[in-house]
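Engineer: Pasting the sequence and the predicted model now:
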Amino acid sequence: MIDFLNRIPDFLIGPAIAASLWFGFNYTVLADRAMEGRLDKEIVPQCVRDLERAESGAGALNLPTGLIPNIEGFDFRGLLETFQSRFRLNAYQRRAICLCGGQQTAKSVRLDYAIHTASFRLIEPASISGMRRDVHQVVKSQACGALPWLNLRG
């Protein structure tokens, strides 16, 4: 390390130290804040909407209850509604699953996000531009929670 510093011309030592400090500050402070902001405002809400759309598109579970016959002594409608409710997530569960997926993705792209923020967002690595896709893959892998309609379809 000291040999490396001896090779640097004197007029570049100051800018090299300043650039190192700027990148370190971005890595430790700014990248986390910027990722949290992007997760809260853009990625998690889109993920929640995607989960709602996937859940409503689970077609076979959305049977019309008006077509179910009434047999005395047995409540088919209640049974169907109970069955369908097992395969639904509430808003809190959807948000928690998406937030977990976002946090796992954010851990893997922290260095790239630090480069992104240190360059004043002029440099955007591919992992940053594909962050929403990566969150979707983590959520779909069910690493953050079970998606019951995926288990039904095999």
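Structural biologist: On my side now, so go ahead.
Engineer: Residue 6 versus residue 48, what's the distance?
Structural biologist: Separation of residue 48 from residue 6 (CB to CB, to the nearest Å): 55 Å. Every C-beta, even on glycine, is put in place using the N, C-alpha and C of the backbone.
Engineer: Could you say which helix or strand holds residue 13?
Structural biologist: Residue 13 is part of helix 10-25, with elements assigned from DSSP states H and E.
Engineer: what sits up against the helix or strand just after that helix?
Structural biologist: Note on helix 10-25: by DSSP H and E, the next helix or strand toward the C-terminus is helix 31-38. By CB atoms under 8 Å, 6 or more residues apart in numbering, the surrounding residues in contact with helix 31-38 are 106, 109-110, 113-114, 116-117, 131.
Engineer: For these, which ChimeraX command selects only the ones that are buried?
Structural biologist: Only the buried entries of those go into this ChimeraX selection, using 16 or more other CB atoms under 10 Å:
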select :106,109,113,114,116,117,131
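Engineer: about what we covered before: between residue 48 and residue 6, who's got more neighbours?
Structural biologist: Higher neighbour count among residue 48 and residue 6: residue 48, with 19 against 7, using other CB atoms under 10 Å.
Engineer: I'd say that one and residue 96 touch.
Structural biologist: No. Judged on CB atoms under 8 Å, residue 48 makes no contact with residue 96 at a distance of 10.0 Å.
Engineer: Could you list the single helix or strand in the chain with the lowest mean pLDDT?
Structural biologist: In the chain, the helix or strand scored least confidently by mean pLDDT, DSSP states H and E is helix 148-153, which has a mean of 65.
Engineer: Now do the contacts for the most centrally placed residue in the chain.
Structural biologist: Nearest to the mean C-alpha position of the chain, by CA atoms, centre = their mean, lies residue 102 at 2.7 Å. The contact partners of residue 102, by CB under 8 Å, 6+ apart, come to 39, 43-44, 47, 135.
Engineer: Poorly predicted segments of this protein, please.
Structural biologist: For the chain, applying pLDDT under 70 flags the ranges 1, 58-77, 79-81, 83-86, 151-154.
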